[in-house]
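Student: Let me see the structure of the following:
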Amino acid sequence: MASNVVGKRRWSGAVKQVTKSNFSSALEQIKKHIHESDFIAISTQPTGDFSGASSPSSHRHPWRRVLPVDTSETAYLKAKHAAERFELLQFAICPFRLLGSKVVAYPYNFHLFPRDELNLGMPSYSFSCQSSSLTSMAREGFDFNACIYDGITYSSRAQESVARDRNPVPRMRLMTSSSSPSVADSVFMGRIKSRVETWWKACRDPGKAVDGSLVLSLRKLILGGELYGSRPCLGIDVSSDHQVQLVLKVVGQICDDLVPLIVPDKQGEIKTVRLILTSSEDDKNLLLTEIQSLEEEEDLKVRGFREVLDVISRSHKPIIGYNCLHDFTFIHSKFIAPLPPSMAEFMCSLRLAFCEILDIIHLLKEVGPLRKANNVPAALSYLRRQFFTPVELEIPPQVDSNDKNHGHNVLQIAYLFAKLNNLLKIVPDHQPALEQDTRQVKDFANIFYPCSTTLQDSDDEDIGSQAEKSKKFGTDNVVLLWGFRAGISAAGLKRQLHGIHSVFSENFELQLVDRTCAIVIFHVPGSVENLLEDMRSGSIGSGSLKEMMSDGLKVTGYEAYKKVCRMGLWEADLAESLEMVSSEQTDDLPSNCKNDTSEIYWSSELMINLNDI
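Tutor: Numbering: from 1, shown residues only. Below you'll find the model as predicted:
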């Protein structure tokens, strides 16, 4: 039986399921658990992605998956495309502590839905779904009705800024120090002081209680007073932030029982300072608490689930994930801001929100035999067979937990990290190193590898026998070919190419990226440049290569593939997309292989088998 199935049964009901109905109470609980944790594991469930072999995109456009031919940059562009197209319906978070060989974990699974409660046209009115992702969720008993009607909404930080501008609410503001007032300021302050004092004295006048209703109405009309709930209040018109500060200064000079509120108009411009009169010190404290609660309630309504991400960000606790490039492109897109155009900008932006992210994939590479473990269950199975890494997982019972299995992946990630930590001895930065040979979190943080695997069920595999089959190549050793005979196999195309040019007489590898395009990797340096130069100059003689070129065979360097990804030409076969970008570079084909000298970790066994899709 696969180890992840065992995990589902062992941990069934252990994960606290959180919806809009119990979000507020769960938020207080998870804040406490995050504060007490050493690490925080995360796992997401989108409505689709392009990484899994079962996804529809693998059938129509398999090259859109992250492949062994991808650099970190092209892998990011593919992950960016998926994050911008799909939505998150579940987000599992597990704060946990390591106490020797024991893991104390508090798993939560948040059910999300991008509902536009603030009428901003955001987060989304539409998004894509893949049937394979929804089928997988339905198989685990996911309640789509509950998600739609009771899922927690959310906004990104960028969207929150827009929401504040479009739906401004009254807020308190502290007075800031300013320079000496000008003559105009003094005149303005004098006029405001006179008006506020007159109103304040009238409100405090005990004789007004015996006045008739007509007199009270006239008094209110003349003085301009209103009510804030049951408390008297007075609105002061202002035209700038500077005048706001002048009003606050005047109020501070008059008395201590006035509470000023800054009231913007519908466009977010500050037009009024509302002064609320309290009856006592206790009443003032009660009013301040009410206003603060209303502000927090409004802020939480705008932020929604992102409040949890903000708590994690402020905690500065290390975050543990599996295939973090996939997860954090979604997280950035939904909860921070639109994704930037390059991997470098993405990592810089991400580190402003989350200081230290540890990718399980990188940690697996630190343990030699585990380098080729392509999912969490396989890694757990191999560790159980080959290493003595005793770990006890303790999950204290939580209120509102039920028998649902949603979110159990986050427990697998926390459990696997604890086992790897026994081997690598990673110590959080705030903890002292009690053992020798310990290493700091920063030694492993913020390193994302391109990865096409996901948390899927799979049988155990002999990881050790595959450990050294991945080879490192520079992208200046890579070309892409298209225009060959339809339906030909990779082996058949390799035989056809063998010997048609000097570079094809040496050792090279070939795999199909989709049914229209192949990737070729040369082992001899300079082969790509020689091939492209000969094809550009026409120095290919009259042999088989010339015949194949006349039949439509075309070759380009890796830069063209990178440009296809950068331009987002995803909705076509790779050959068609390469044709679009290569037509702009026909005068200088060799430059295609010189512009990008990044590295790839090539393994033909991890390439797509087109016969399976």
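Student: tell me the pLDDT at T597?
Tutor: Among the per-residue scores, T597 shows a pLDDT of 63.
Student: meant to ask about F91, not that
Tutor: pLDDT for F91: 96.
Student: in the helix or strand harbouring it, what's buried?
Tutor: Using DSSP states H and E, F91 maps to strand 88-99. For strand 88-99, a neighbour-count test (16 or more other C-beta atoms under 10 Å) marks L88, L89, Q90, F91, A92, I93, C94, P95, F96, R97, L98 as buried. Any C-beta I mention is one placed from the backbone N, CA and C, and that applies to glycine too.
Student: Closest to I319 out of these?
Tutor: The closest of these to I319 turns out to be I93 (C-beta to C-beta; 9.3 Å).
Student: State whether I320 is indeed within a strand.
Tutor: Yes. Checked against DSSP: H, G, I helix; E, B strand; the rest coil, I320 lies within a strand.
Student: can you map out the helices along the stretch 401-550 of the chain?
Tutor: With DSSP state H, counting those that start in this stretch, the ranges of helices along the stretch 401-550 of the chain come out as 408-424, 490-497, 527-537, 544-550.
Student: With distance to L67 added, can I get those helices in CSV?
Tutor: Converted to CSV, the helices of the stretch 401-550 of the chain look like this (distance: least, C-beta to C-beta, whole Å):
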stretch, distance to L67
helix 408-424, 24
helix 490-497, 14
helix 527-537, 18
helix 544-550, 25
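Student: Kindly reformat the ones you listed as CSV containing mean pLDDT.
Tutor: Output for these, formatted as CSV (pLDDT from 0 to 100):
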stretch, mean pLDDT
helix 408-424, 91
helix 490-497, 90
helix 527-537, 86
helix 544-550, 81
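Student: Pick the most buried one from those helices.
Tutor: Highest mean neighbour count among the helices of the stretch 401-550 of the chain (mean count of other C-beta atoms under 10 Å): helix 408-424, with a mean of 23.
Student: out of the buried residues of strand 88-99, who's nearest T135?
Tutor: Once C-beta to C-beta is applied, the member of the buried residues of strand 88-99 that ends up nearest T135 is L89, at 13.3 Å.
Student: so how far is S279 from the closest one?
Tutor: Applying C-beta to C-beta, to the nearest Å, the value for L89 to S279 is 50 Å.
Student: now do K365
Tutor: Distance, K365 to S279, by C-beta to C-beta: 67 Å.
Student: what's the answer for V273, then?
Tutor: Distance of V273 to S279, computed by C-beta to C-beta: 21 Å.
Student: between those two, who's got more neighbours?
Tutor: Applying other C-beta atoms under 10 Å to V273 and S279 shows that V273 carries more neighbours, namely 25 against 15.
Student: in what helix or strand does that one lie?
Tutor: Per DSSP H and E: strand 270-277 holds V273.
Student: tell me which strands and helices that strand is in contact with?
Tutor: helix 183-204, strand 231-237, helix 241-254, strand 258-264 (3 or more C-beta pairs under 8 Å, 6 or more residues apart in numbering; DSSP states H and E).
Student: pLDDT (mean, whole number) over that strand?
Tutor: Mean pLDDT, computed over strand 270-277, is 84.
Student: so after it, what's the next helix or strand?
Tutor: The helix or strand immediately downstream of strand 270-277 is helix 281-303, counting by DSSP H and E.
Student: okay, the angle between that next one and strand 270-277?
Tutor: Here helix 281-303 runs at an angle of 150 degrees relative to strand 270-277 (axes from the mean of the first three to the mean of the last three C-alpha atoms, to 10 degrees).
Student: start to end distance for stretch 334-351?
Tutor: 16 Å (C-alpha to C-alpha, to the nearest Å).
Student: what does the domain assignment say about this protein?
Tutor: Annotated domains of the chain cover 3-47+87-155+305-443, 183-288, 469-612 [automatic domain parsing].
Student: what are the C-alpha coordinates of the strand holding V273, in PDB please?
Tutor: In PDB, the C-alpha atoms belonging to strand 270-277 read as follows (Å, rounded to 0.1, in the frame of the first residue of the first chain):
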ATOM      1  CA  ILE A 270     -10.200  63.700   3.200                       C
ATOM      2  CA  LYS A 271     -13.000  66.200   3.500                       C
ATOM      3  CA  THR A 272     -14.200  66.100   7.100                       C
ATOM      4  CA  VAL A 273     -12.800  65.700  10.600                       C
ATOM      5  CA  ARG A 274     -15.600  64.400  12.800                       C
ATOM      6  CA  LEU A 275     -15.300  65.300  16.500                       C
ATOM      7  CA  ILE A 276     -17.100  62.900  18.900                       C
ATOM      8  CA  LEU A 277     -17.900  64.000  22.400                       C
END
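Student: Show me the two of the buried residues of strand 88-99 that sit farthest apart.
Tutor: Across those (C-beta to C-beta), the longest gap, 30.3 Å, separates L89 and L98.
Student: neighbours around the spatially closest residue to D551 that is not a sequence neighbour, how many?
Tutor: Spatial nearest neighbour of D551, chain neighbours left out: G483 (7.3 Å); criterion: C-beta to C-beta, 6 or more residues apart in numbering. When neighbours are defined as other C-beta under 10 Å, G483 has 16 of them.
Student: And G483, what's its pLDDT?
Tutor: 91.
Student: what residues are up against K563?
Tutor: Residues in contact with K563 (C-beta atoms under 8 Å, 6 or more residues apart in numbering) are V581.
Student: Name the helix or strand for it, please.
Tutor: Per DSSP H and E: helix 558-567 holds K563.
Student: tell me which strands and helices the following helix or strand past that helix is in contact with?
Tutor: Later in the chain than helix 558-567, the nearest helix or strand by DSSP H and E is helix 574-582. Counting contacts by 3+ C-beta pairs under 8 Å, 6+ apart, helix 574-582 packs against strand 478-482, strand 508-514, strand 517-522, strand 554-557, helix 558-567.
Student: who wins for proximity to I600 among these?
Tutor: Minimum separation from I600 across those (C-beta to C-beta) falls at strand 478-482, 7.3 Å.
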